Each structure stands twice: as structure tokens, then as C-alpha cells.
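Participant: turn this into a structure:
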Amino acid sequence: MFRIGIELDFAGAYGRSVLRGVVRYAYTRSDWEFVLPPMYSLAQSKLGAERVDGIITMVHSVRTLQRYRRQGGPLVNVARTLSADQLERAGIPSVLPADVQVSEMIFDYLWERGFRAFAFCGHPTASWSRCREKGFREACRRREVYPMVAHSTEVIAENWIRELPKPCALMCANDRFAWNAIDTCRSCGIAVPEEVAVIGVDNDTFLTEMARPTLSSTELGGDRIGFEAARLLDLQLSGHAVPQTVTEIAPVGVITRHSTEVLSIEDSVVAEAVQFIRQNASRAISVEDVLRAVAMSRRNLERRFRRAMRRSLLEEIRRVHIDRSAKLLRDTELPIPQIALQSGYASHVRFSTVFRQEMETTPTNYRRKFRTRPL
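Facilitator: Here you go, the predicted model:
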């Protein structure tokens, strides 16, 4: 029987979701049992007094890493607290969120909602926050826009919030920063999302559902990170070599709630067309349906739509249908033919063809890879 030490921060959604993935991997084994640090003592009392064969942990400091080395045995890290250089020098297997890709996904989501003014708020030194800031800055730069950036360890300054251009889309490094941003907006009398749309990272449902308005966030796929971390640990326990580098796992997607449920499109006719398409994501609609809804000629609407959204009406219809189908694949047990019908496709064969063209994988493989599962 292998004794697997678990040192994760269960106070946040990320640590809990990583644990779900570890447990899911353990279902494939009959010879794993888990060892946890004493309750309420995660930061002080460690697993050194316990005999463990391997550890899945969040390495938060060089001192912690030195203790692991003295203890011996394989381990896998699932935290980006140390910098990339520190992790590289440490030479330990790490499985982490693809934080730059997280920010790129958020920027694309906000851009598609029509925002052209952006801001970022995060921790001044934490590596995970700095990576997300870097990704957001780079995504903005590619569109030739430049975000206002603030750093904080506690509250977000009211003066900075007041100085943001309105309307503005604000990415926060995690859901706690986003919660603070909404609080600061409320104190300043700034409407969320009408003036400042706020989005976080982690999809911590305790925070996102308690926030007012409810908070849009990004699902990191911690369960897939935990599963991969457990797989790498298992390989080491079996005597196999594994890369002493960082493996990055792509985020699952953005979860829309009220804090970004707004369109920031200057052209009111285009905004009306986009709203109609999104409201009808569950049924088959055509460009002609959109034209009837906004009462405009096809030529004029296509021209204005492409100028505002950088894509055609048909491309937007297809994108919205695919987004809905991807969410249903991730979050429900519905069979694929039913998902096709609820995403505007009359045939699951046609749906599968379009899905593969857009997502570069089949609906079945997408579900297998990104399915969200409870513990």
C-alpha cells in the first residue's frame, strides 16, 4: 500500500478541485491511501512525522522545498507561488494552470462582448498573479489597447477605480480580488457591470454566488491538474523518470454571471443583433432571422457588424451555438444528440462536423477531456 501525502490549501476552490482530480486518479488504483497534515495546522505542522511514499503539494517557499528534499521521496508541485526560474532551478515536476492562456481567454471573452477599455488588478509579487497580468497585457497589446493596472495585497484603491475609463472591463487575478473590486465599485457608486464589468479567476462558487452582482469567473480545470499530478507521482513511484519541468493545463472556460452580463458595443444596431443571437443560442437561427429582428438590410448590417465585431453575422451565430454546446458538454449529462438540438442544430451529425471544425476535436473527446465532475 502506497501512502500519499497531500499538502493542499483546501480553503480555496483551486485546492479543492485539485484534490478532486487526485482522488479521481486514485480510483484507478487499489493501493493508494492518503495522509493529511494535522487539522488546522497546514502552515506549521507538516508530513515529516508521517511515513509517506510520495507527496502532492503546493510548494510555497524555497525553505519548504528544502524540507521535502531532506525527507526524500518523489513529489509533484501544483502551485505557481515560486517564480518560473525558481521552479526550473528546483527541478521538481510541477503541474500548473496555463496562466497566460487564462488571461488570453478572458481578454477574448471581454473583447467579444464589445469592450475596448481594459484594466487588471492583482497581487504585486505572487508569481501566479504576475503571469496572469503578463498574459493580459500581451493580449491587449495584440489588439493595440493598453490596460490600466493596479497592484494590491488587500483592498483596491477607490481613486484607481474612479479613474478607469467607462465603460471598462476589469480582469482580477483571482475571485478574491474580483470580490474586492465589486465592493470598491459599490463604495464609489460605480455600477457593475454597466460601468465596470468585473471578472475573476478560480470560479470559487462560494465567492461568485455570494457577490452582488454575482461574479463571472474562469474555471481553471483544477481537477485535471490534480489528475495529471497524481499520474506523474504514480510514474515516479513505479520507478519511471518524469520531466523535472512544468506541465501547463489549459483552462476550461469562462463562466458568465451578472458581473459581465452586458454588451459594450457603441453601434446600437450591432448590439441589438448580438443580443438577439445570444438570446437564441438554444435554437436554430439564420442571418435572415437576425435581419428581421433588427429591421435592416443585409448589406448594411453585415458591414456594420464586421466593423464592430471583426467577424460576420454567420460566424457569430456559429460561435454562439458552439459555445453553448461546449458548456452543455462540460456541465451536463445530456446525450450528444440532445446537446445538438439544444445548441441550434437539427442533426447531431451536422453538429459533430461543425464542432470538430471549430474546436479541432470531437464532442465526445471534448467532453472526456473537460467534463466537470463533483468529488
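
Participant: distance of residue 336 relative to residue 222?
Facilitator: Distance of residue 336 to residue 222, computed by C-beta to C-beta, to the nearest Å: 26 Å. The way it works is simple: take the backbone N, C-alpha and C, and place the C-beta from them, glycine included.

Participant: next one: residue 161
Facilitator: For residue 161, the distance to residue 222 - C-beta to C-beta - is 30 Å.

Participant: thinking again about what came up before, residue 336 and residue 222: which has the busier surroundings?
Facilitator: residue 222 (27 against 18; other C-beta atoms under 10 Å).

Participant: correct me if wrong: the more buried one contacts residue 17.
Facilitator: Yes: Residue 222 is within contact range of residue 17, at 3.0 Å (criterion: C-beta atoms under 8 Å).

Participant: need the strands for the stretch 1-150 of the chain, in chain order.
Facilitator: Taking DSSP state E, counting those that start in this stretch, the strands of the stretch 1-150 of the chain run over residues 2-7, 32-35, 54-57, 75-77, 94-97, 118-122, 148-151.

Participant: what's in contact with the longest one?
Facilitator: Contacts made with strand 2-7 from outside it, assessed by C-beta atoms under 8 Å, 6 or more residues apart in numbering, are listed as 19, 22, 26, 29, 31-37, 42, 46-47, 50-58, 230, 233, 237.

Participant: just the buried residues of those.
Facilitator: The neighbour count (16 or more other C-beta atoms under 10 Å) marks 19, 22, 26, 32, 37, 42, 46-47, 52-58, 230, 233, 237 as buried among the contacts of strand 2-7.

Participant: in helices only, show me those.
Facilitator: Of the buried ones among the contacts of strand 2-7, the ones assigned to helices by DSSP state H are 19, 22, 26, 230, 233, 237.

Participant: wait, what's in contact with the third one?
Facilitator: Residues near residue 26 by C-beta under 8 Å, 6+ apart: 4, 32, 34, 230.

Participant: mind putting these in TSV, distance to residue 299 and pLDDT included?
Facilitator: Shown next, in TSV, are those (distance: C-beta to C-beta, whole Å; pLDDT from 0 to 100):
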residue	distance to residue 299	pLDDT
4	64	93
32	64	94
34	64	93
230	56	97
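
Participant: distance to residue 364 added to the residues you listed, as CSV?
Facilitator: CSV is the format used below for those (distance: C-beta to C-beta, whole Å):
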residue, distance to residue 364
4, 31
32, 29
34, 32
230, 24
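
Participant: what's the most distant pair in the residues you listed?
Facilitator: Taking C-beta to C-beta as the measure, the contacts of residue 26 span a maximum distance of 10.7 Å, between 34 and 230.

Participant: so what's the residue count around residue 15?
Facilitator: 21.

Participant: try residue 14
Facilitator: Residues near residue 14, counting by other C-beta under 10 Å: 27.

Participant: report pLDDT for it.
Facilitator: pLDDT recorded at residue 14 is 95.

Participant: wait, it sits on residue 222?
Facilitator: Yes: counting by C-beta under 8 Å, residue 14 touches residue 222, with 5.1 Å between them.
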